[in-house]
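**Q** This is the structure alone, sequence omitted:
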């Protein structure tokens, strides 16, 4: 598919909207911000296991949507904006890592409701969370998603592929989502990101090259 076909495709454009929307919903219902230790987290999960699984499902689906969004941005911007091209790859990696992390985290309700002593539960969770593979995936998620989103936003500003308000909203919401952990502020930040990414999904088809050959000016000249 050509870049213009990709960004005009409804499923791909929907990913731009669903990625921040599902992430925002997950952050609003997340149990983690209200806990300061593994013991408190286990108690919260034991009390509301369905809420924990709902949060994980929302984050997982959001991660998949971010991965698709990153791939689309990489494809559309290739040869036109190095920042967006690199940012798209990082965003895709960060999204995929988020999906993996939350798939892995689905074990927690079973541990919290196992009937084992709290000390045993804490030991299991801390052993799992400290495994090198999960630590690596966590780093890929945080660094990939954060750096990728920032590079994409600055790339959009520099390349002027879309109106400046779109990357401006993305950057503003990014700051808010890292500055706040829950409640109304995180809801506002997530809403701004949804608006920015929706605007990007709507305007990007106008900036995408019709085909790969249109990415760079032709080196040939018409004979006169």
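**A** The structure has been received and is ready for your questions. Quick caveat: nothing in here was measured; it's all calculated off a predicted structure.

**Q** For residue 54, give me its contacts.
**A** By C-beta atoms under 8 Å, 6 or more residues apart in numbering, the contact set of residue 54 is residue 29. All C-beta atoms are positioned from the backbone trio N, CA, C, and that covers glycine.

**Q** Toward the C-terminus, what is the element adjacent to the helix or strand where it lies?
**A** Using DSSP states H and E, residue 54 maps to helix 49-77. Reading on from helix 49-77 to the C-terminus, the next helix or strand found by DSSP H and E is helix 82-104.

**Q** and the next element down the chain from that next one?
**A** Heading C-terminal from helix 82-104 (DSSP H and E), you reach helix 108-112.

**Q** In that following helix, which residues are buried?
**A** For helix 108-112, burial by neighbour count (16 or more other C-beta atoms under 10 Å) applies to 108-109, 111-112.

**Q** so how far is residue 99 from residue 59?
**A** According to C-beta to C-beta, to the nearest Å, residue 59 stands 8 Å off from residue 99.

**Q** My error: substitute residue 13 in the last question.
**A** Distance from residue 13 to residue 99, by C-beta to C-beta: 20 Å.

**Q** Equivalent analysis for residue 56, please.
**A** 10 Å.

**Q** looking at it, residue 45 is touching residue 112, isn't it?
**A** Yes: with contact defined as C-beta atoms under 8 Å, residue 45 counts as touching residue 112 (4.3 Å).

**Q** chain center to stretch 85-98, what's the gap?
**A** With C-alpha atoms, centre = their mean, to the nearest Å as the basis, stretch 85-98 stands 8 Å off its chain's centre.

**Q** before we move on, what about stretch 57-74?
**A** Counting by C-alpha atoms, centre = their mean, stretch 57-74 is centred 6 Å from the centre of its parent chain.

**Q** Do you know the pLDDT at the nearest residue to residue 42 once chain neighbours are set aside?
**A** What sits nearest to residue 42 in space, not counting adjacent residues and going by C-beta to C-beta, 6 or more residues apart in numbering, is residue 112, at 4.8 Å. We have a pLDDT of 92 for residue 112.

**Q** Number the residues from 547 up from this point.
**A** Okay, using 547 as the starting number, the last item reads as residue 658.

**Q** And for residue 682, the neighbour number?
**A** 11 (other C-beta atoms under 10 Å).

**Q** any idea which element it lies in?
**A** helix 678-705.

**Q** so after that helix, what's the next helix or strand?
**A** helix 711-725.

**Q** Just give me the neighbour total for the closest residue to residue 641 other than its chain neighbours.
**A** Distances taken as C-beta to C-beta, 6+ apart place residue 612 nearest to residue 641, at 2.9 Å, with adjacent residues excluded. Using other C-beta under 10 Å, residue 612 has 32 other residues around it.
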